[in-house]
Structure formats: structure tokens, C-alpha cells
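Q: Next input, structure requested:
(2 chains, ligands or ions: 3)
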Amino acid sequence: MVVTSVQQQMQQSFQTHVDENLLLDCMRCGFCLSSCPTYLHMEQDEAQSPRGRIALMKAVRDGLVPFDASIEHSFDLCLGCRACEPACPAGVQYGALIEQTREAVQEVKRSSFVEKTTRNIVFDRLFVEQKNMERAVSLLHLYQKTGLQKVVRKIGFLNLFPKHLKTMEASLPAVAKKVQPLKQAKSATMKVAFFTGCLMDTLYRETNDKTVSLLRMLGVEVVIPDQQSCCGALHGHSGELKRGKQNLIHNVELFDSDDYTYIVNNAGGCGAFLKEYEKHLSSDKRYHEKAIRFSEKTIDISSLLVKAGLLEYLATLPQQVKKTVVTYQDSCHLRNVNKVFNEPRMILQALPNVQFKELPSANTCCGSAGIYNLLQPALAGEILTTKMTTIKALEPAVVVTANPGCLLQIQAGIHKEQLGSSIQAAHIVDFLYNSIANYSKIS
Amino acid sequence: MNNIAIEKITEIIGEKYVKSSTAQLLAYSYDATANFQRLPELVISPQSTEEIAEVLKICNNYNVPIIPRGSGTNLAAGTVPYDGGVVILFNRMNQILNFDKENLTITVQPGIISENLCQFVEAHGLFYPPDPSSMKISTIGGNVSENSGGLRGLKYGVTKDYVKGLQVVLPNGDILETGGKLAKDVAGYDLTSLFVGAEGTLGVVTAITLKLIPLPSYKMTSIAYFQSLEDAARTVSNIIASKIIPVTLEFLDKKTIIAVEQFMKIGLSTDVEAMLLLEQDGEKHQVEQDIHEMVRIAKEHGALFTQIAQDEQEAEQIKTARRVALSALAKLKPTVILEDATVPRSELAKMVKKINDISEKHRVNIATFGHAGDGNLHPTCLTDLRDEEEMHRVEVAFEEIFEAALELGGTITGEHGVGEMKAPYLEWKIGSVGIAVMKNIKQAFDPNNIMNPGKLFAKETKKRVVVHGGN
Ligand SMILES: Cc1cc2nc3c(=O)[nH]c(=O)nc-3n(C[C@H](O)[C@H](O)[C@H](O)COP(=O)(O)OP(=O)(O)OC[C@H]3O[C@@H](n4cnc5c(N)ncnc54)[C@H](O)[C@@H]3O)c2cc1C
Ligand code: SF4
Ligand code: SF4
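A: Ligands and ions are numbered 1, 2, ... in the order given. So this is what the prediction gives:
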């Protein structure tokens, strides 16, 4: 029977890809449940929990249940936010397991048409070559610049698209402006390489320029190696690691130099994946060594700024009377994988023009999660609504984020709730740069 | 399962709250017990006592097994379906129904998470002491049904000491109210106690009234390390003998200490044989006096060194070390089987030694930790269920451990309950008369055996082995 053979293929694919030892690490204690946004948002449905998903992986692998749409749905709904990992007392590597699972599923399953199209555009075109991304983005710029955007919105062209895409479109950033370099405050002390990231280097070009400017201000010499590849995170998280592997190897080679003390990035999602290159290339004899070096040197922008003396610099600035109420939404990957959550808060607290307020459950996912909000708009929307409710209650003027996906998502939330006049969302680099730049104007 | 029964249940609960997809059935086919898994036929999330009563009537009519499930953190396979049936969840029944500060009681629905309840009452200066290590995720309904204990059991007792009243739906759909807020009430049989620890075999608990006490104002925590298990055990006996009842008196053996330290890196000493964790709460003056006295007793009985936590953070870290013991051990091997043997406090040293001898004899890796003050030990076997031959040796070793506990005047479970896992051993503890009485009680409430069948009572009792302790 055809059906059985697909089942067998799936089981086999799980046996090939999903590491049984990692599965057995889970002792089913349930400690991870209360940290999982999908479990909490779906009325504590065990099938939407880390423990449930791990049990499903094992059951498919063992042939205990047939792989069907309900099981696939459970895997699809996982945000990959990895909030379950720090919560797990047994140290289960959930991130690796879900990636392996997605790879196993992708290998067997022919994707549905819509998904396949999105996938092909995203994985084979947009995110493989920087050029494609640039082209897509310049189109966008043209579209924004020429006023076409307004016209298009007016005639309701966008109604032809699913609603969530419309919201996303509305929150895309405006065309980049030229960034004024900040005055150097310290003489050069270290040299770092900048991993620019594809979204960050196109949609958020300005943020990247500001990143460089901030680092130079603190006396860090920044090199931007040419011809960088997309980090591969979106591939990895969606079971397309094979398609993404070439990117990893390319980057590991490109950045392999003793010249750099660190390899810095300013996108939480990319940063986490870069930190795990070492794992993803562990079976590759030729590149593993280099990947280890690469991962060890990887650092996020907030941590590097703190290391380079930003806090000391900020302390020299006189306090400002009028302070902006600012809060911070963690990037899941930056927090749960790279374990960076203090540094961004330390920076914001040290800014003389800021009154920092901690966002309750800042550590829970906003629903962005790579292209999750494109593939699972309904749940992503609900998660975002919850997030916006906490944000509204806190009444900040600015929500600072550390990842382009989160930034877009929070902006979409602000737009959806029509809060644009009272709340802004900003990348930590932009916010920091603007504060310092403004400051020098004022004083 | 009968289609008409499914239809009728769906009508009562509403389609949205009835689950039957492969993924959902699978997700409710296990709990925290290693090596037990079977699928239910339906999973439902009722919203009220009345809905549950209606469902039970149908299940009773159609002979459909019903398995109540809190968070599925129990360690006795108590929520693993035995032969299909309906898993009933309380995720939509997690409200506080009544908070009575005057009578110091709180009435809640069964689905509330234990830690949330504790935090709620503590915010009002009150205290609900039972704190199973799983409290972050376990439900009150589960705690009541397992009669759970915790780190504070020595001084404050276990769940049953706080349950004052219950609302229970019986298998025939009748709604029973037992006990209440009264401080004294001796009218008839103590039905409340009957349902505490009944593991969902007599009825579905739908509301719980709990006693609260004032929150102690001050706490101090300390640890003591020992070169021998006997020294640690003698310290425990002597602390109690000198009339100090600490809130917490916990024990970790060498293997557990090493595992915890590897996992948490909090600076525990790993070149010792045993560690005690001591905590006292109450008035500041008394607490200080007790802690210093306990530390003195520990030193007098051979403690290598002791350490008093300097602040709340350090104290919390030490307690976390104990709370994560099981998880830390779980990291070491694919399968962890945690047992729950309990002996009188005076026999603690003998029991620990027996466990070690038995594990050596059968060449299985067993680490031990537990509530020393209660005599409640958790011998924990690290193994791999893919290794059938070793699994067999593990089983035999545990049989001998239960046997040894009983010989020392102990029991086969101190807090985790019987469930399906311990069912073959229940008769060892309570005897054939005990089993007969319990079966009659079960029959009186649940003549069709629909409430969590296959739990407590096994088809067959295991043959007792003869333990040649120590040789
Ligand atoms: C890491 C870890 C640490 C633990 N530490 C402790 C500890 O220190 N002390 C301790 O005592 N236990 C401990 N346990 C065991 C377990 O957490 C407790 O038994 C807990 O009370 C179970 O709660 P639950 O909500 O998960 O219930 P479940 O596991 O879902 O159910 C437990 C039993 O109660 C029944 N039940 C649940 N709700 C109802 C209801 N409303 N009506 C009728 N029956 C119901 C079920 O049918 C089942 O038989 C631990 C478990 C783990 C995994
Ligand atoms: S916390 Fe870890 S060990 Fe426990 S159920 Fe979740 S993944 Fe498994
Ligand atoms: S990665 Fe996030 S969404 Fe997925 S199981 Fe873990 S906590 Fe839940």
C-alpha cells in the first residue's frame, strides 16, 4: 500500500535524522511546560508542549503512531524559541531535536503548494545570495520611494494578500538614510569582524552602519569581510539545513583569521545560529575545527559594546532631566541560546536619557520566530496580542529589541493596535546610536 | 470505545474541548514514569463539576474507563491509561473559588498549579506548606490525589494534613461534598481522608478546601558534609532526639552530590560520602538557636564541615541543589527509575547501606537522596531501557529494596503513590486483609471499575523475595 510506504519512509527518515540519545535525555518531568508559549497559548495542550513534541518524535521514530497531519501540525507550531531549554533540568537539547525533526519531515514530505512557494522563494532565492535579497529590497525601496506604496494601499491591492502579509508590509522600515559617524571617544584597542546578516544588511542597512559607528566610537576597529553568506538559521530552523550548509562553510572560511578578536553580529537569531556552527559542522572533518573557532569568537553587539567600555563612556555623560520610558523585549535566541540578557539591559539602564522599565515576561517569544509569522499567522498573531497587552500595560515610549524579526513583529503589533503615535519599537543599536548622537547635539 | 458514548461526551463538553487526534492521544499516553506508555481513546477538558458529573454517568453506563490527569508529573504511572478510555484534564478548572482569610482556608479548583497557589497565599502573608519538588508544574488536584509530600514535610506534614474538604464527582455522577472549613468536625467516617491519596480510583476531585497557616517570619539554611553515611544518619536521629524539628532535613549521597555539582556548579564538595541540608523557619531568635544547635550536633557526629547560607540567594541555591537531584541524575543515563522507599528514621543508616549492598550485588547503578527527616529515601537507578538484561537486574534489585524497607518497618512508597507501577507490591505492605478492605471500598464507590482502572490493584502480586541483607 502506498500509505504504508510513506509511513515507513517517514519512520526511516526519523531514524536517520533524529538522534535517539537526545530523545532519551527527556525524562518527561514536565518542567518545561510552563515556559512554552505554544503550550500556554493553546490552553495547555500537551501536544503543543516540548515534552509532548519530544514524545511525538520518539513515537514516530519507534513506529508507535503513524505520522499524520496532527503530528506535523504539532511540530509546525513550535516557534523554535527554545524557552524550553533553560527550563529543562535534564539539559535536553530541544533545539537540535526540532531541527532534526524538521529535516526528517522535509525530506519525505512534499510541501503543500503555498508553503513550497514560500519556501522556495525564501530558501532558494532570497536567503542564498545576498544579491537576491538586495534586489528584493531595492524593489521595496523603489516602491516606498515612488509613492507607489500609498497608491497601492489606497486601491486595496494589498487586500489580495493574506492579512498577515499586509500587516508585515506596513511595518517595513523606510529607506535607509546616510549615517553620520560618531566622534571617536577612545583610541583603537581591538579588531573585530562584522557579520552583517542579510536582513540586517539590506532592510536594516542603517542599523548596520550605526553598529559600525558605535564600535568605532569606542575604539574598536571593524572589518566587514566581503561576500558574506546568509547565516543559514532560517534553513536550519525549517528543516532545510542541507540547503543551508554551503552558507555555513562559506562563512567559516571567510571569517577564519587570527586578526579578529571577535566576530560580532547584531541580530539575535543569526547570532545564536553562528554560535552553533560548531555543532552543525561537527560531522564535517574538514571544517569542524574552523567552525569551533568561528563559534567561539562569535559575540553579539551588546556584549561587545559592554566589553569595549560603553558603560564607562555612558557614565561620563551628564544625566538628562527628561527621560524616555524604555523597555526591552528579549530576542529568544539571544537569551535562550547565547544566554545574553544582562548586557542589553545594562546598556539601557546606563543611558542618561532613559528610564528603564522591565517588561513582564520579556523573556517569552513575541511570535516572530523566523518566518513563523508567515507560516503560522494565526498563532503568531495570538502570541503577539498577548505580548502587546503586556506592553500596553507598561506604557513605554520605546520597546527596544535585538533582532530584526522581533523588531518587525513588535512594529506590526504596534501598527495593529494603532499605537504608533505613543509607542515606538527600535533596534538596540539604533536606539543607542540616536541617543548618543542626540546627546552630542544637545550638550 | 463506543461511538455513541463519544458522541454524548462531545455533546456535553463541546467539540472544541474534546481531543482525539493522533498527536493529542499520544501526548496523553505517558507521565513522568519511565517505561510506561499506552494511548487513551479520547481526551477531554471539562469546564465544571456538572459537566464532569454528566460525563461520568455516560462512562458508567458504557463502561468506559476514565483517567483524571493533572500535569502528569507523577512517578507511578498513575495517569497512563491502562486499557483505553477517556483522559480528563483540569486545564480549564484552575480558579481560586474562595479565599477566606478569617477562617484561614482557601478553596480551589483542582487544576491550579501548586506553585501559583503557594505564591498567591504567601502574597497575603499566609502559608501552604506542602511543596513537592514538582510544584512548579504539578496541580493541586494531583497533589491531593497522590497525597504529595515535600521538603517541608518533617515539620509541617504532607498534603493530607491540609485538606479540609473536597467536592468529588462519584462514578455514578453523584456529587459528594466532604468536610469543610470547620476546625473541628467528627460527623461520621472521614471521607475527606479517603479521597486524599486515592489516585483517581474512587472519583474525580473537583474542588478542594485547604487549611492555611501564618507565614513564618524567618528562615535559615545550612549544609553539613560527612565522610560516612552512618555519620549523616546518626546526625539525623540525634537532631530529632534533641527535640528540634527542622522544617527541612534532606539527604544526598555521594553519587547525587557529584551529579548535582556537575550540573549546577554551585560549589558543593564532591569528595564526601554524604550531605545533609538543614533548614529551620519561625521566629528569628529560635531559628538561629536551632540552626546552630543542629550544626553543633552534626559536628559532634562526625561532620567534616558545615556551612550556613549567608543570604536568601545562597539558601535558595542550596535548596535548588536538592530539588534538581533527580534531574541532575537523569542527565547521566538514558533511563532513570526513581523509587520511593521509606523507613522509620532510626533505620535510615541501615536502609542506605542495604540499598548500596543491593545495587552492588546486582551490578546496577543506584544513587540515593531523599527526605532524611521523614525516613523517605529515593533510591534512583540510572540505566538504559534498551538493555533488557540490565533492566531485569534493575527490577530484581528494586524488589529487594522494597523487601528491605518492609523488613525495617518501612513502606513501599512514602509519597509518590502506588499507581500502576507499585501495584504488584501493595499487598506486601498492607497484607491480604488490607487489599480486601480496599477492594471493598473501591467496589462500593465504583462497582463498574471505571475510575482509573489498573491502578493500585494489580492482577497479580509479585512473589516476595528473601533478602539476605548485606551478603
Ligand atoms: C522531578 C519530580 C519531582 C517530584 N517531587 C515530588 C516530591 O517531592 N514529593 C511528591 O510527593 N511527589 C513528587 N513528584 C511526583 C508528582 O509530581 C506528584 O505526585 C504530584 O502531586 C503529581 O501532580 P500532577 O498534577 O502532575 O498529577 P498527575 O500526575 O497528573 O496525577 C497524579 C494522580 O492523581 C490523579 N488525579 C489528578 N487530578 C485528579 C483529580 N482532580 N481528581 C482525581 N484524581 C486526580 C491521577 O489520576 C493520578 O493518579 C515529583 C515528580 C517529578 C517529575
Ligand atoms: S523539562 Fe526537559 S526532561 Fe523534563 S519533560 Fe521537558 S524536555 Fe523532558
Ligand atoms: S522551542 Fe519554544 S515553542 Fe518550541 S517547544 Fe520549546 S518553548 Fe515551546
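Q: Helices along the stretch 151-300 of chain A, start to end?
A: A:163-170, A:198-202, A:205-217, A:233-237, A:241-254, A:268-275, A:277-280, A:285-297 (DSSP state H, counting those that start in this stretch).
Q: ranking those helices by mean pLDDT, which is last?
A: The stretch with the lowest mean pLDDT among those is helix A:163-170, at a mean of 52.
Q: Any idea how far stretch A:267-276 is from the middle of the chain?
A: 8 Å (C-alpha atoms, centre = their mean, to the nearest Å).
Q: what sits up against that stretch?
A: A:95, A:195, A:197, A:199-200, A:231-233, A:236, A:251, A:263, A:265, A:294-295, A:298, A:300, A:331-338, A:370, A:402-406 (C-beta atoms under 8 Å, 6 or more residues apart in numbering or on different chains). Just so you know, the C-beta spots here come from the backbone N, C-alpha and C atoms, and that holds for glycine as well.
Q: Of the residues you listed, which belong to strands?
A: A:263, A:265, A:298, A:300 (DSSP state E).
Q: Residue 53: which element?
A: No chain was given, so I picked chain A. Using DSSP states H and E, residue A:53 sits within helix A:50-62.
Q: meant chain B, my bad for not saying
A: Assigned by DSSP H and E, residue B:53 falls in helix B:49-62.
Q: How about the contacts made by residue 368?
A: Just so you know, I chose chain A. A:380, A:403, A:405-406, A:408-409.
Q: wrong chain, I was asking about chain B
A: Counted by C-beta under 8 Å, 6+ apart, residue B:368 has contacts B:251, B:253, B:255-256, B:352, B:355-356, B:377-380.
Q: burial of the closest residue to residue B:236 other than its chain neighbours, as a residue count?
A: Spatially, and ignoring its direct neighbours in sequence, residue B:236 is nearest to residue B:372 (4.7 Å; C-beta to C-beta, 6 or more residues apart in numbering or on different chains). Using other C-beta atoms under 10 Å in any protein chain shown, residue B:372 has 28 other residues around it.
Q: same deal with the one 3 residues further on?
A: Residues contacting residue B:375 under the criterion other C-beta under 10 Å number 25.
Q: Pretty sure it sits against residue B:410.
A: Yes - in this structure residue B:375 lies within contact range of residue B:410 using C-beta atoms under 8 Å: 6.9 Å.
Q: Quick check: neighbours shared by those two?
A: Joint contacts of residue B:375 and residue B:410 (C-beta under 8 Å, 6+ apart) are B:342-344, B:347, B:351.
Q: Sitting in strands, which of the residues you listed do you find?
A: In strands, defined here by DSSP E, there are no members of the shared contacts of residue B:375 and residue B:410.
Q: Could I have the buried ones of those residues as ChimeraX selection syntax?
A: The ChimeraX command for the buried members of the shared contacts of residue B:375 and residue B:410 (criterion: 16 or more other C-beta atoms under 10 Å in any protein chain shown) is given here:
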select /B:342,343,347,351
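Q: so which of the shared contacts of residue B:375 and residue B:410 comes closest to ligand 3?
A: Closest to ligand 3 out of these is residue B:342 (35.9 Å), distances taken as C-beta to the nearest ligand atom.
Q: beta partners of the closest one?
A: Bridge pairing for residue B:342 (DSSP bridges) gives the partners residue B:376, residue B:411.
Q: and the gap between it and residue B:275?
A: To residue B:275, residue B:342 is 20 Å away according to C-beta to C-beta, to the nearest Å.
Q: what number of residues lie near residue 64?
A: In the absence of a named chain, chain A is used. By other C-beta under 10 Å, the residues close to residue A:64 number 16.
Q: hmm, I had chain B in mind actually
A: Residue B:64: 22 surrounding residues under other C-beta under 10 Å.
Q: returning to what we had before: quick check, the helix holding residue A:53 touching ligand 2?
A: Yes - Helix A:50-62 reaches ligand 2 (C-beta under 6 Å from any ligand atom) through A:50-51, A:54.
Q: What mean pLDDT does the helix or strand following that helix get?
A: Using DSSP H and E, the helix or strand that follows helix A:50-62 in sequence is helix A:69-77. Averaging pLDDT along helix A:69-77 gives 94.
Q: now helix A:69-77, how far from the centre of its chain.
A: Per C-alpha atoms, centre = their mean, the centroid offset for helix A:69-77 relative to its chain is 22 Å.
Q: quick one: buried residues of the helix or strand just after it?
A: Per DSSP H and E, the first helix or strand lying C-terminal to helix A:69-77 is helix A:84-87. Within helix A:84-87, the residues scored as buried using 16+ other C-beta under 10 Å are A:84-85, A:87.
Q: what does stretch B:258-268 give?
A: Quick answer for stretch B:258-268 (16+ other C-beta under 10 Å): B:258-261, B:263-264, B:268.
Q: Can you report how many residues lie near residue A:396?
A: Counted with other C-beta under 10 Å, residue A:396 comes out at 22.
Q: actually residue B:403, sorry about that
A: For residue B:403, the neighbour count with other C-beta under 10 Å is 22.
Q: ok, now the one 10 residues further on?
A: If you count neighbours by other C-beta under 10 Å, residue B:413 ends up with 24.
Q: Residue B:430 too?
A: 15.
Q: how close does residue A:433 sit to ligand 3?
A: 31 Å (C-beta to the nearest ligand atom, to the nearest Å).
Q: got it, and residue B:348?
A: 40 Å.
Q: quick one, what contacts residue B:97?
A: Contacts of residue B:97 (C-beta under 8 Å, 6+ apart): B:107-109, B:207.
Q: If we use 6 Å, what do you get?
A: residue B:107 (C-beta atoms under 6 Å, 6 or more residues apart in numbering or on different chains).
Q: That one in helix, strand or coil?
A: Classification of residue B:97 using DSSP: H, G, I helix; E, B strand; the rest coil returns strand.
Q: residues touching residue A:28, list them.
A: With C-beta under 6 Å, 6+ apart, residue A:28 has these contacts: A:51, B:30, B:32.
Q: CSV please, covering these and showing distance to ligand 1, neighbour count and pLDDT.
A: As requested, the contacts of residue A:28 are arranged in CSV below (distance: C-beta to the nearest ligand atom, whole Å; neighbours: other C-beta atoms under 10 Å in any protein chain shown; pLDDT from 0 to 100):
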residue, distance to ligand 1, neighbour count, pLDDT
A:51, 11, 31, 98
B:30, 11, 25, 97
B:32, 4, 27, 95
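Q: Flag the shaky bits of chain B, pLDDT-wise.
A: B:465-471 (pLDDT under 70).
Q: Neighbours of residue B:273, how many?
A: Using other C-beta under 10 Å: residue B:273 sits among 17 other residues.
Q: My error: substitute residue A:315 in the last question.
A: 10.
Q: Can you give me the pLDDT of it?
A: Predicted confidence (pLDDT) for residue A:315: 90.
Q: out of the shared contacts of residue B:375 and residue B:410, who's near ligand 1?
A: Within the shared contacts of residue B:375 and residue B:410, nothing lies near ligand 1 by C-beta under 6 Å from any ligand atom.
Q: how about the strands of the stretch 351-471 of chain B, start to end?
A: Here the stretch 351-471 of chain B has its strands, by DSSP state E, counting those that start in this stretch, at B:365-371, B:376-383.
Q: Indicate the residue of the stretch 301-450 of chain B located nearest to ligand 1.
A: Counting by C-beta to the nearest ligand atom, the stretch 301-450 of chain B gets nearest to ligand 1 through residue B:415 (3.5 Å).
Q: Spatially nearest residue to that residue (excluding sequence neighbours)?
A: residue B:149 (3.9 Å).
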